[in-house]
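turn this into a model:
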Amino acid sequence: MTLQAGIWIDHRQAVLIRLKGERAFTETIESEIDSKMLSSRGPSETGSSEKRRDRRLALQYAQFYQDIVGRLNDIDVLLIMGPGEAKTELLKVISETPSTKAIITKMQAKDNLTKPQLVAFIKEYFDVPVRKTGRSRAK
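This is a model prediction of the structure:
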């Protein structure tokens, strides 16, 4: 059986959704990237301090992506979604990692969604039936 999954990612977190039959299992992976580093790109940072900051940020991104890739070993097909560059950066790491480079990956731009919206989107993308949770009213 082909194991399908979707991941929504930005530089702060990733939400991994694995599909097993009609069931979806979600896992949130928080990055350890200092939020001050993400937003502190200004004129006060110059020269070597900016280079140090960039190297530290690149190392934190690499650790975040490796943490995610370590959770993908059993996945056959992966849909990568997100609003910015993180999805492309993750795809590069997946394709360069021997244990995951055989994963069939697809990419799609997608802004913030709630976890239930993500699950529904991924199920629809992979043609998995979505159960309706509402009750029908008897007349």
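
can we go C-alpha only for contacts and neighbour counts from here?
Noted.

next, the nearest residue to Ala120 once chain neighbours are set aside: secondary structure please.
Nearest residue to Ala120, sequence neighbours excluded (CA to CA, 6 or more residues apart in numbering): Val130, at 6.8 Å. Assigned with DSSP: H, G, I helix; E, B strand; the rest coil, Val130 falls in the coil class.

Val130 and Phe121: what is the separation?
10 Å (CA to CA, to the nearest Å).

other SSEs contacting the host helix or strand of Ala120?
Using DSSP states H and E, Ala120 sits within helix 115-125. If contacts are counted by 3 or more CA pairs under 8 Å, 6 or more residues apart in numbering; DSSP states H and E, helix 115-125 sits against strand 4-9, strand 13-20.

can I get those in CSV with mean neighbour count and mean pLDDT?
Listed next are the helices and strands packed on helix 115-125 as CSV, based on neighbours: other CA atoms under 10 Å; pLDDT from 0 to 100:
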stretch, mean neighbour count, mean pLDDT
strand 4-9, 25, 97
strand 13-20, 21, 96
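
I'd like those as JSON lines, with distance to Ile75 appended.
As requested, those are exported to JSON lines (distance: least, CA to CA, whole Å):
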{"stretch": "strand 4-9", "distance to Ile75": "6"}
{"stretch": "strand 13-20", "distance to Ile75": "8"}
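
Arg55: which of these is closest?
For the helices and strands packed on helix 115-125, the distance to Arg55 is smallest for strand 13-20, at 19.9 Å, taking CA to CA.

show me what the closest one is in contact with.
Strand 13-20 is contacted from outside by 3-9, 24-31, 68, 115, 119, 122-123, using CA atoms under 8 Å, 6 or more residues apart in numbering.
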